[in-house]
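**Q** A structural model of the following input is requested.
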Amino acid sequence: MKHNTSPVLALATGIHKADAEHLHQALGPTFPLLCTEGSIESINPETLSQVQILLPFIHPTIGPAEMEAMPRLRLIATRSTGYDHIDLQAATQRGILVANVPGYGETAVAEYTFGLLLTVSRKLHLAYRSVQQASEPTRQLQGFDLYGKTLGVIGAGAIGLHVIRIARGFGMQVLAYDVMPNRIFAEVLGFLYVPLDELLASSDVVSLHAPALPSTYHLLNTETFRKMKRGALLINTARGSLVETEALLWALDNGILRGAGLDTLEDEDDLQHLEQALSPARQQSVQHNQALMSHDNVVVTPHMAFNSIEAVHRILNTSAANVLAFLRHQPQNLVTQEKNASI
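**A** As a prediction, the model looks like this:
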């Protein structure tokens, strides 16, 4: 942890030592930056009251209470593309700008998507367990080829398009659903845009790459799972809120889904804070997630699809550039409207 008493104090939370050192270099070795592997709660209130620039990761939520503890806060430069962990309305009301990292992990997340897909489709996690337990290989470890299968991509943005490129290399047919279809990309990459219902009914694998928005909340629920091709796989490297967990359990238990590869879960933060008192609704969410993880045909990883060396460096470099641009009174990559937020 490093602390500088210069008038402009920036705080980076949830950041490991090596990444903190990289961020220091990107901002300049004399830049007044305080780094902690912990959360905002790990910083003493007096220091927190001096923070003018916050560089959080996706956990935990930055809401009115956290902003109240930082009365001098003028910029939140989140080290992520998604910003659903930040209360934008509260930030706007306080004149706090919010900047994100628009693109950094297209390659990393797309490759990880296929890592999850191959793990579930070829049952690599079960095969590994079998070797560890010195048990004989059985027919239960038999998977299936991706060649010739149909992949349905929900959200054909930068990551989704990279997933499509990889899928075509595997010899898969690809369908895509997006609110803003790009026919040129479809022609060049060789895939089809179709309505969501058609994608669900026709896809052997459905992969989620949509952002967390009110319009995408519980995009996959009991009603939409009923429309899916029986025996399909679900891959989610986007956001947990896209999938209603109780409905996912129902789809798995009733054979609608053959399996799932999940790098993100609904209310995943609560799994790391089981010692805290949770509301009944959040307790139920934790129980649903624990039930998911008990399924042999489900692979869950801790929201790490982005986590390659190259992608993390791009995150840090862009976050530093966002801070420096703000200090030059030329803020960039904003997701909120500029409103007298300069230092």
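
**Q** Return the list of helices and strands in contact with the longest helix belonging to the chain.
**A** As assigned by DSSP state H, the longest helix anywhere in the chain is helix 309-327. Secondary-structure packing of helix 309-327 (3 or more C-beta pairs under 8 Å, 6 or more residues apart in numbering; DSSP states H and E): helix 17-27, strand 51-55, strand 75-77, strand 97-99, helix 106-121. Heads up, the C-betas are built off the backbone N, CA and C, glycines and all.

**Q** closest one to Leu11 among these?
**A** For these, proximity to Leu11 was assessed by C-beta to C-beta; strand 51-55 is nearest, at 4.7 Å.

**Q** Would you mind getting the angle between that closest one and helix 17-27?
**A** If you take axes from the mean of the first three to the mean of the last three C-alpha atoms, to 10 degrees, strand 51-55 sits at 120 degrees to helix 17-27.

**Q** care to break the protein down by domain?
**A** If you go by automatic domain parsing, the domain ranges for the chain are 9-104+309-327, 106-300.

**Q** Format those as JSON lines; extra columns: distance to Asn333, mean pLDDT and mean neighbour count.
**A** Below are the domains of the chain laid out as JSON lines (distance: least, C-beta to C-beta, whole Å; pLDDT from 0 to 100; neighbours: other C-beta atoms under 10 Å):
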{"stretch": "domain 9-104+309-327", "distance to Asn333": "5", "mean pLDDT": "94", "mean neighbour count": "18"}
{"stretch": "domain 106-300", "distance to Asn333": "14", "mean pLDDT": "93", "mean neighbour count": "18"}
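
**Q** Save those as JSON lines, and put in distance to Thr336 too.
**A** Listed next are the domains of the chain as JSON lines, based on distance: least, C-beta to C-beta, whole Å:
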{"stretch": "domain 9-104+309-327", "distance to Thr336": "5"}
{"stretch": "domain 106-300", "distance to Thr336": "15"}
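
**Q** what's near enough to touch Asp197?
**A** When contacts are counted by C-beta atoms under 8 Å, 6 or more residues apart in numbering, Asp197 is found next to Lys227.

**Q** That one in helix, strand or coil?
**A** helix (DSSP: H, G, I helix; E, B strand; the rest coil).

**Q** Show residues contacting the longest helix of the chain.
**A** With C-beta under 8 Å, 6+ apart, helix 309-327 has contacts from 8, 10, 19, 22-23, 26-27, 53, 55, 74-75, 77-80, 97, 99, 101-102, 104-105, 107-109, 306, 331-333, 342-343.

**Q** if we go to 7 Å?
**A** With contacts defined as C-beta atoms under 7 Å, 6 or more residues apart in numbering, helix 309-327 is touched by 10, 19, 22-23, 26-27, 53, 55, 75, 77, 79, 97, 99, 101, 104-105, 108, 331-333, 343.
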